[in-house]
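K.L.:
Give me a model of this one.
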Amino acid sequence: MSIRWPRLLSPTNLSQIIRMQKNPLTALKIFSEAQSKYPNYRHNGPVYATVIGILGSSGRITEMKEVINQMKSDSCECKDSVFVTAIKTYARAGQLDEAFNCVNWTQSFNTLVEIMVEESRLEDACRLFVEHCCGWEVSSRVRSLNLLMLALCQKGRSDIALHVFQEMDYQSCNPDRESYRILMRGLCEDRRLNEATHLLYSMFWRISQKGCAEDIVIYRTLLDALCDNGKVEEAVEMLGKILRKGLKAPKKFRLQLDLSRYNYGEDTEGIKRLINAALVRGGNPSLASYSAMAIDLYNENKINEADAVLNEMHDRGFRPTSIVYGAKAAALCRERKVVEAVEMIEKEMVWANCVPTVKMFSIVVKGLCHEKQSVLAFEFLKKMEKQVGCVADKETYGVLVYGLCCESRFLEASQVLQEMLIRSRLPCAETYSKVIRGLCSVGRQYDAVMWLEEMISQAILPEYTVWNSLVTSVCCNIANNEACTEVYNRLKSSPSV
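P.N.:
Numbering: from 1, shown residues only. The predicted structure follows:
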């Protein structure tokens, strides 16, 4: 593809030219030719970020690695988010060891630790932490230590996680609210209630000195665990201490719980609901306290209890945020109540004057596709884009295409693919292949070949199964043979093949 070079080239101009290219190899060629055409021109960080992002999203690992090495040799300053992109690309390609060379600042360091934890590579994560945690490039170690504690708690080793937590003082790190939340949940799940109680006391004088409403999620974890283990009286006593020392509740809010309605502790679930209500109301009810409790309940799939909190929230004049509704949508989808999630967005959120987010759309679209309602997901996405102008991301489009193809809705899948290109969400090889094979199976050979040509124009090489599907389809429909032969000759003469 020929381009029109400007008389004077700036990094901003070059970034714009590169972004306009559909073929990542063409973008790389333009990037490489720039300095030879303009001897006084030098690449800067944003230009490198643009090229690395394009190559990474298209899966061009080798070329991306070469550009990163060139950037390092040029001693070019670049945002840490560029290395985060590279690390995620290596992880998707199963080449996480290559990502060790991409640790630059705190964000890339934490990203690599998080991916290693997700892949259960704890030894490698610990080695990475030891090598880089004391370096000048890592400004904060709290996030990475939280990730390590989370991994240990998920494996049932909250005892070791507790040692990590205690070691934070020696590392000159101050545990944050997330540190306490992770460790409290891990200790309670392992039934280490004595250690969890001592952790709560340390929380009182470290992060709860002014009484924060968001802390009720951590308090609730311990109180629920005490009730579940038959220690209701101890839980009620602990609630009093929390209201007094943790939430700094006024005396008029420290009400004595009436356990007679719950068989004096035998109805554990009823007691837990009573304690939850006391936590929210006891510490001067606020948007933060209601939101924290509702989100925590939705995350545990306790939809009815969370809805009750949401209703009380409305009654007291607080307006739920999109984060709360996002947690509700995720809970409904996990419980296979996807239609209710759609109704929530279309009715409940409109009534609450709350705008849905892209993440919320993605959750619902994935839920609809999982329930084999991809056509409804397609219509829902089109309607929401018109209403709020919110564009779905590449992953959401990919899930929708896959769902439509699984339901043999290949023409609709082709429309979604067209929409992806219009929205500059370049599909991956698997998405193209799924649509092409589907179109071939319903006798739409010409459309399939058009998508094949588009695929090759982006320097994406089709798998042999795609060619097999196309050849088989053509042989079964000789009437279209002439048209397909013409397009095949065009493909054959294309320099991208």
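
K.L.:
Retrieve the pLDDT associated with residue 487.
P.N.:
For residue 487, the model assigns a pLDDT of 54.

K.L.:
do residue 34 as well
P.N.:
With respect to pLDDT, residue 34 scores 89.

K.L.:
Not counting sequence-adjacent ones, nearest residue to it?
P.N.:
Spatial nearest neighbour of residue 34, excluding adjacent residues (C-beta to C-beta, 6 or more residues apart in numbering): residue 14 at 5.5 Å. (Each C-beta comes from the backbone N, C-alpha and C, glycine too.)

K.L.:
Same check on residue 368?
P.N.:
Per C-beta to C-beta, 6+ apart, closest to residue 368 is residue 377, 3.7 Å.

K.L.:
Secondary structure element holding the residue nearest to residue 34?
P.N.:
Using DSSP states H and E, residue 14 sits within helix 11-19.

K.L.:
Ok, residue 127 next?
P.N.:
helix 122-132.

K.L.:
any idea what sits nearest residue 60, other than its immediate chain neighbours?
P.N.:
Per C-beta to C-beta, 6+ apart, closest to residue 60 is residue 24, 5.5 Å.

K.L.:
sorry, that was for residue 403
P.N.:
residue 369 (3.1 Å).

K.L.:
now the helices for the stretch 1-150 of the chain?
P.N.:
For the stretch 1-150 of the chain, helices defined by DSSP state H, counting those that start in this stretch occupy the ranges 11-19, 24-37, 45-57, 61-73, 80-92, 106-118, 122-132, 142-154.

K.L.:
which one of those lies closest to residue 333?
P.N.:
Residue 333 lies closest, by C-beta to C-beta, to one member of the helices of the stretch 1-150 of the chain: helix 106-118, at 21.0 Å.

K.L.:
Kindly export the closest one (C-alpha atoms) in CSV.
P.N.:
Output in CSV follows, covering the C-alpha atoms of helix 106-118 (Å, rounded to 0.1, in the frame of the first residue of the first chain):
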residue,chain,number,x,y,z
THR,A,106,5.8,-0.8,39.1
GLN,A,107,2.8,-1.5,36.8
SER,A,108,4.7,-4.0,34.6
PHE,A,109,6.2,-5.7,37.6
ASN,A,110,2.8,-6.1,39.3
THR,A,111,1.2,-7.3,36.0
LEU,A,112,3.8,-10.0,35.6
VAL,A,113,3.4,-11.1,39.2
GLU,A,114,-0.4,-11.3,38.8
ILE,A,115,-0.2,-13.4,35.6
MET,A,116,2.3,-15.8,37.3
VAL,A,117,0.0,-16.1,40.3
GLU,A,118,-3.0,-16.9,38.0
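
K.L.:
Could you list the buried residues of the helix holding residue 14?
P.N.:
By neighbour count on 16 or more other C-beta atoms under 10 Å, the buried set for helix 11-19 is 11, 14, 15, 17, 18.

K.L.:
got a markdown table for those, with pLDDT too?
P.N.:
A markdown table is the format used below for those (pLDDT from 0 to 100):
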| residue | pLDDT |
| --- | --- |
| 11 | 88 |
| 14 | 90 |
| 15 | 90 |
| 17 | 90 |
| 18 | 91 |
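
K.L.:
looking at the helices of the stretch 1-150 of the chain, which has the lowest confidence?
P.N.:
Of all the helices of the stretch 1-150 of the chain, helix 122-132 has the smallest average pLDDT, which comes to a mean of 74.

K.L.:
How far does that one sit from its chain's centre?
P.N.:
Distance of helix 122-132 from its chain centroid, counting by C-alpha atoms, centre = their mean, to the nearest Å, is 24 Å.

K.L.:
Adjust the sequence numbering to begin at 661 for everything that follows.
P.N.:
New numbering, starting at 661: the last item is helix 782-792.

K.L.:
List of residues touching it?
P.N.:
When contacts are defined by C-beta atoms under 8 Å, 6 or more residues apart in numbering, helix 782-792 is touched by residues 760, 763, 769, 772-773, 776-777, 798, 801, 804-805, 807-808, 811-812.

K.L.:
Tell me the helices and strands packed up against the helix or strand containing residue 887.
P.N.:
Assigned by DSSP H and E, residue 887 belongs to helix 876-888. Packing contacts for helix 876-888, counted by 3 or more C-beta pairs under 8 Å, 6 or more residues apart in numbering; DSSP states H and E, involve helix 837-849, helix 853-866, helix 892-901, helix 928-942, helix 947-959.

K.L.:
Now do the first one and helix 802-814, the angle between them.
P.N.:
When you say that, I think you mean helix 837-849. Between the axes of helix 837-849 and helix 802-814, defined by axes from the mean of the first three to the mean of the last three C-alpha atoms, to 10 degrees, the angle is 10 degrees.

K.L.:
Helix 853-866 and helix 837-849, what's the angle between them?
P.N.:
Going by the same axes, to 10 degrees, helix 837-849 makes 160 degrees with helix 853-866.

K.L.:
if we can go back for a sec, closest one of the buried residues of helix 671-679 to residue 956?
P.N.:
Among the buried residues of helix 671-679, and counting by C-beta to C-beta, the member closest to residue 956 is residue 675, at 42.9 Å.

K.L.:
quick one, what contacts that closest one?
P.N.:
With contact set as C-beta under 8 Å, 6+ apart, residue 675 has these partners: 706, 707, 710.

K.L.:
can you do 10 Å?
P.N.:
Taking C-beta atoms under 10 Å, 6 or more residues apart in numbering, we find residue 675 in contact with 691, 703, 704, 706, 707, 708, 709, 710, 711.

K.L.:
hang on, residue 1003 packs against residue 992?
P.N.:
Yes - using C-beta atoms under 10 Å, residue 1003 is in contact with residue 992, at 9.4 Å.

K.L.:
Comparing these two, which residue is more hemmed in?
P.N.:
More crowded of residue 1003 and residue 992, by other C-beta atoms under 10 Å: residue 992, with 23 against 13.

K.L.:
Against residue 1053, how distant is that one?
P.N.:
21 Å (C-beta to C-beta, to the nearest Å).

K.L.:
just to revisit the earlier point, which of the contacts of residue 675 tops the neighbour count?
P.N.:
Neighbours here mean other C-beta under 10 Å. Within these, the largest count is held by residue 711, at 28 neighbours.

K.L.:
Grab the nearest non-local neighbour of that residue.
P.N.:
residue 691 (4.9 Å).

K.L.:
For that neighbour, give its distance to residue 679.
P.N.:
11 Å.

K.L.:
Need the overlap of contacts for those two.
P.N.:
Both residue 691 and residue 679 are in contact with 710, 711, 714, where contact means C-beta under 10 Å, 6+ apart.

K.L.:
Is residue 1086 within a helix or a strand, and which one?
P.N.:
With DSSP H and E as the test, residue 1086 turns up in no helix or strand.

K.L.:
Just the local confidence number for it, please.
P.N.:
Residue 1086 is given a pLDDT of 82.

K.L.:
which one is the spatially most central residue of the chain nearest to, not counting chain neighbours?
P.N.:
The C-alpha lying nearest the average C-alpha coordinate of the chain belongs to residue 1019 (C-alpha atoms, centre = their mean; 8.1 Å). Closest residue in space to residue 1019, ignoring its immediate chain neighbours: residue 986 at 6.1 Å, by C-beta to C-beta, 6+ apart.

K.L.:
In contact with that neighbour, which residues?
P.N.:
Residue 986 makes contacts with 955, 958, 1016, 1017, 1019, 1020, 1023, 1024, as judged by C-beta under 10 Å, 6+ apart.
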